[in-house]
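# Next input, structure requested:
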Amino acid sequence: MLAVLLSLKGTALLYQGEELGLPEADLRRDQLKDPVGDLYYPLSKGRDGCRTPMPWDSDSPNLGFSTGAPWLPLCEEHRPLAVAQQSADASSTLAFAKRLLALRRQSRALRAGDIVFRRDATSVLAFERSSNEERILCVFNMSSGTADFICKDTVGVASLGVEQGARLRGEVLTLDPYGVWLGRF
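Presented below is the predicted three-dimensional model:
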């Protein structure tokens, strides 16, 4: 979903932890600080599950967030997703986010270009972003099954190096479940 967000038109906003793939923390009612969560519990737990301390280092006290007691509790599910651990892994969510952000920063088509949606498949979201001479094809498998996308009118398309779970063979782009592929042509 991060790749979709950074490929669409408009201003991209990342909320704390999205670049790490952090899940929302499941807090008990007695751990909530947000008045909305306290008022509407259990229908809504408020915003606190998305505002827990940022996990900087899984080997440090309080995950490297603070030497003191944090306002909200730490989430143990976040420990293996800490920045220090992901920084050491070229295939991590953080590394993927950095590649996507660098690509968006260097590409006028992705930042401010026109968008044209392709209607070629049912479980695949595909669109072209273009600006002057730059054209980028963005393809996303939005399903839990493998999907093919035919790239018949995109001669010379070349991967931009941010794909995940995608293989281009001739005109057929095969995407694994929730696969991503961006290419320039």
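# so what's residue 141 up against?
123, 124, 147, 165, 166, 175, 176, 177, 178, 179, 180 (C-beta atoms under 8 Å, 6 or more residues apart in numbering). From N, CA and C alone the C-beta is placed, and that goes for glycine too.
# swap that for residue 126, please
117, 118, 120, 137, 138, 139, 140, 149.
# Go through the contacts of residue 141 and name the one nearest residue 10.
Nearest to residue 10 among the contacts of residue 141, counting by C-beta to C-beta, is residue 180 at 18.5 Å.
# Which SSE is immediately downstream of the top helix by length along the chain?
When the chain is scanned for its longest helix (criterion: DSSP state H), the result is helix 93-106. On the C-terminal side of helix 93-106, the closest following helix or strand by DSSP states H and E is helix 108-112.
# Buried residues, the helix or strand following that following helix. List them.
Using DSSP H and E, the helix or strand that follows helix 108-112 in sequence is strand 114-118. Buried residues in strand 114-118, counting neighbours by 16 or more other C-beta atoms under 10 Å, are found at residue 118.
# Stretch 127-134 now?
If you call a residue buried by 16+ other C-beta under 10 Å, then stretch 127-134 has these buried ones: 127, 128, 129, 130.
# same check, this time on stretch 56-72
Going by 16+ other C-beta under 10 Å, stretch 56-72 has these buried residues: 56, 57, 58, 62, 63, 64, 65, 72.
# can those residues go into JSON lines with extra columns for distance to residue 84 and pLDDT?
What follows is those, written out as JSON lines (distance: C-beta to C-beta, whole Å; pLDDT from 0 to 100):
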{"residue": "56", "distance to residue 84": "6", "pLDDT": "98"}
{"residue": "57", "distance to residue 84": "4", "pLDDT": "97"}
{"residue": "58", "distance to residue 84": "7", "pLDDT": "96"}
{"residue": "62", "distance to residue 84": "13", "pLDDT": "95"}
{"residue": "63", "distance to residue 84": "9", "pLDDT": "96"}
{"residue": "64", "distance to residue 84": "7", "pLDDT": "97"}
{"residue": "65", "distance to residue 84": "12", "pLDDT": "96"}
{"residue": "72", "distance to residue 84": "21", "pLDDT": "96"}
